[in-house]
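K.L.:
How does the following fold in three dimensions:
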Amino acid sequence: MSTQSFNAVNTNLNSLSYKELKRLRHKVESLISTSHTGQVISDREEQISHCPHCESKLFIRYGCTAKGHQRFKCKACKSTFSTLTGASLCGMRLEEKWQQYSDGMWCTTKLRQAARELGIN
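P.N.:
Here you go, the predicted model:
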């Protein structure tokens, strides 16, 4: 979705009724729960309790990454980290293909074959 499209949706949220907002929330939560990667990101966001660099528990929310993941800044070591720092998904691109690639790794005998089928390397 483009930024312009997202801004249009965001602007129209104010005109929704309570019932419509509630239905929208359920739909969004349903989409997140059916998305394996979305669920992993959501779970990790709730479990962050310390800085992965220095183990300090003093950190603040510090905006979002370009992909929309929550960023944090440690007050002790001044480093920043996101919900995916230290996770197996960290640094991976093409988020829409993560689930397909994971399924391919389990179902396909060769990893290269799974990557070739998805057009990734």
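K.L.:
ranges for the helices of this protein?
P.N.:
In the chain, the helices defined using DSSP state H lie at 3-12, 18-34, 36-47, 98-107, 111-118.
K.L.:
low-confidence ranges in this structure?
P.N.:
In the predicted model, the chain carries pLDDT under 70 at residues 1, 32-40, 87-109, 111, 121.
K.L.:
Quickly list the domain ranges of it.
P.N.:
Domain assignment of the chain by automatic domain parsing yields the ranges 1-34, 48-87, 91-121.
K.L.:
number of nearby residues for Glu117?
P.N.:
Residue neighbour count, defined by other CB atoms under 10 Å, stands at 12 for Glu117. Placement of C-beta: from N, CA and C, glycine included.
K.L.:
Same check on Ala76?
P.N.:
As a burial measure, Ala76 scores 14 neighbours (other CB under 10 Å).
K.L.:
doesn't Ile60 make contact with it?
P.N.:
No - look at Ala76 against Ile60 with CB atoms under 8 Å: they stay out of range, at 11.3 Å.
K.L.:
For Ile48, give me its contacts.
P.N.:
Contact criterion CB atoms under 8 Å, 6 or more residues apart in numbering gives Phe72, Thr83 as the residues in contact with Ile48.
K.L.:
Lys75 versus that one, what's the distance?
P.N.:
14 Å (CB to CB, to the nearest Å).
K.L.:
what does Lys22 give?
P.N.:
Taken as CB to CB, the spacing of Lys22 relative to Lys75 amounts to 37 Å.
K.L.:
close enough to count as contact, Ile41 and Thr83?
P.N.:
Yes - taking CB under 8 Å as the definition, Ile41 is a contact partner of Thr83 at 5.6 Å.
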